[in-house]
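> Let's see this in three dimensions:
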Amino acid sequence: MSSVEIAVGCQYLHNLAATMRRTAEDLQSFARLTGCRLASAPIVDDAYEDLSGKWDERREKLAEALDAIASSFDTASEEFAKADTELAAQLSDD
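Sure thing, here's the model as predicted:
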């Protein structure tokens, strides 16, 4: 039976998770620009308002997705570390 080597950079996964969480927090902290009006061009003003509202909705969804991905990275890292510890313990028992 041949052995298979699996290398997982747990610290790398934790770093990715931290970066994603910071990005999600940054996205959530952006306030919608308000008070920007272009009274001389109502059609442009309406388009801006529409875009701004859609950006707020999508920004929140993106932040939530990044946070979920960060949690997945943390879980993967923790599970690989746990499996590694258990395998090492089994090898030392033999």
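> At the geometric centre of the protein, which residue do we find?
residue 66 (2.3 Å; C-alpha atoms, centre = their mean).
> can I assume that one is in contact with residue 27?
Yes. Between residue 66 and residue 27 there is a contact at 7.4 Å, judged by C-beta atoms under 8 Å. Placement of C-beta: from N, CA and C, glycine included.
> for the lowest-mean-pLDDT helix or strand in the chain, packing partners?
Comparing every helix and strand of the chain by mean pLDDT, DSSP states H and E singles out helix 42-93 as the least confident one, with a mean of 89. The contact analysis (3 or more C-beta pairs under 8 Å, 6 or more residues apart in numbering; DSSP states H and E) places helix 42-93 against helix 10-29.
> quick revisit: chain center to the least confident helix or strand of the chain, what's the gap?
With C-alpha atoms, centre = their mean, to the nearest Å as the basis, helix 42-93 stands 3 Å off its chain's centre.
> again, but for stretch 24-44
Worked out by C-alpha atoms, centre = their mean, stretch 24-44 lies 24 Å from the chain centre.
> In that stretch, which residues are buried?
Judged by neighbour count using 16 or more other C-beta atoms under 10 Å, the buried positions of stretch 24-44 are 24, 27.
> Can you give me the end-to-end span of that stretch?
Across stretch 24-44, the terminal residues are separated by 30 Å (C-alpha to C-alpha, to the nearest Å).
> I'd like to check the angle between the least confident helix or strand of the chain and helix 10-29, please.
Helix 42-93 runs at 160 degrees relative to helix 10-29, counting by axes from the mean of the first three to the mean of the last three C-alpha atoms, to 10 degrees.
> quick one: secondary structure of residue 6?
coil (DSSP: H, G, I helix; E, B strand; the rest coil).
> For residue 21, see how far away the residue nearest to the centre of the chain is.
7 Å (C-beta to C-beta, to the nearest Å).
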